[in-house]
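K.L.:
heads up, no residue letters with this:
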Ligand SMILES: N[C@@H](CCC[C@H](N)C(=O)O)C(=O)O
């Protein structure tokens, strides 16, 4: 059977490296081995793949599957969702979208200034929804620490789900001074997280701002993580460290997070197209569009 090729765009959301792959014209799926091959590529290395499939539910614009660099599936990707919105808006001029993901429906909108808002849904706080391996009645701070028993480097994280699991460790020092590259994989794979977890270190800088870094589940250190920014902002409000509208600054940029009174979390930020090409979703083989390959495509 001839290999399938699909258009894709290399994009980023606040420096979170995203491949947006258009699989609407095929029934092919991104294979884990293809994801790992693309993730190891000098040009195609990515944090997440956002695979756009034909809609499965009436009233939605597409079904979007999220794949991490290690080939694992994820339930949410805020930065990647903004990239999908920008790509489809560039293709059709449509500004409002409803996407279906494994975690439910996401509503998104591109604004006149080019910024994009995504309704990331409601946060989940109960231990069995995050999930955790054992019951914790108060997930605003759980017993989990790393470092010397009598002087832990990180401890008492806030934990929650934005569709995907997050642990947020609060610090008073510059978030860049922590060896997250060392602590991240240990905590990501800690037995308390049966589905692993995204691990963030966050520092509150005012009643409406915080800075943070994230070690992402299935990917590693990234320059930004949208769902982690939502988790940190909600956790900061939940622990009365900030209000419900927070500017979250990560190494790749700043996102605006609003935890609305109806419990929905609205994330607003940029998306950036870098280059386009075609790829085989089964193998990860790709060709990059050249300057003379016709009008500058985004994905379609
Ligand atoms: N970078 C994404 C998060 C992607 C999924 C995460 N690594 C997980 O496995 O939960 C974002 O912007 O939210």
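P.N.:
Arrived safely. Please read all numbers here as calculations on a predicted model, not as lab measurements. Residues are numbered from 1 along each chain as shown.

K.L.:
Could you find the closest non-adjacent residue to residue 111?
P.N.:
Excluding its sequence neighbours, the residue lying closest to residue 111 (CB to CB, 6 or more residues apart in numbering) is residue 117, at 6.9 Å. Every C-beta, even on glycine, is put in place using the N, C-alpha and C of the backbone.

K.L.:
can you check residue 254 too?
P.N.:
residue 247 (5.6 Å).

K.L.:
State the pLDDT value of that neighbour.
P.N.:
Listed pLDDT for residue 247 reads 98.

K.L.:
cool, residue 291 as well?
P.N.:
In this prediction, residue 291 has a pLDDT value of 67.

K.L.:
ok, back up a step: tell me how many other residues crowd the residue nearest to residue 254.
P.N.:
Taking other CB atoms under 10 Å as the criterion, the count of residues near residue 247 is 17.

K.L.:
Briefly note if the one helix or strand it maps to comes near the ligand.
P.N.:
Secondary structure from DSSP states H and E places residue 247 in strand 245-250. No: under the criterion of CB under 6 Å from any ligand atom, the ligand is not reached by strand 245-250; the shortest gap measures 9.8 Å.

K.L.:
Sheet-wise, list the partners of that strand with their directions.
P.N.:
Next to strand 245-250 in the sheet, as set by DSSP bridges, lie strand 209-216 (parallel), strand 253-259 (antiparallel).

K.L.:
As a check, name the ranges of all strands in the stretch 51-200 of the chain.
P.N.:
62-68, 73-74, 96-101, 104-110, 116-119, 145-146, 154-155, 158-161, 165-170, 198-206 (DSSP state E, counting those that start in this stretch).

K.L.:
can you tell which of those strands is closest to the ligand?
P.N.:
Minimum separation from the ligand across the strands of the stretch 51-200 of the chain (CB to the nearest ligand atom) falls at strand 73-74, 3.5 Å.

K.L.:
what about that closest one, near the ligand?
P.N.:
Yes: against the ligand, strand 73-74 shows contacts by CB under 6 Å from any ligand atom at residue 74.

K.L.:
now swap in stretch 254-268 and tell me
P.N.:
No: applying CB under 6 Å from any ligand atom, one finds that stretch 254-268 is not in contact with the ligand, the shortest distance being 8.6 Å.

K.L.:
outside of that stretch, which residues touch it?
P.N.:
The contact list for stretch 254-268 (CB atoms under 8 Å, 6 or more residues apart in numbering) reads 14, 78, 82, 115-123, 162, 224, 226, 229-230, 233-234, 237, 244-248, 269.
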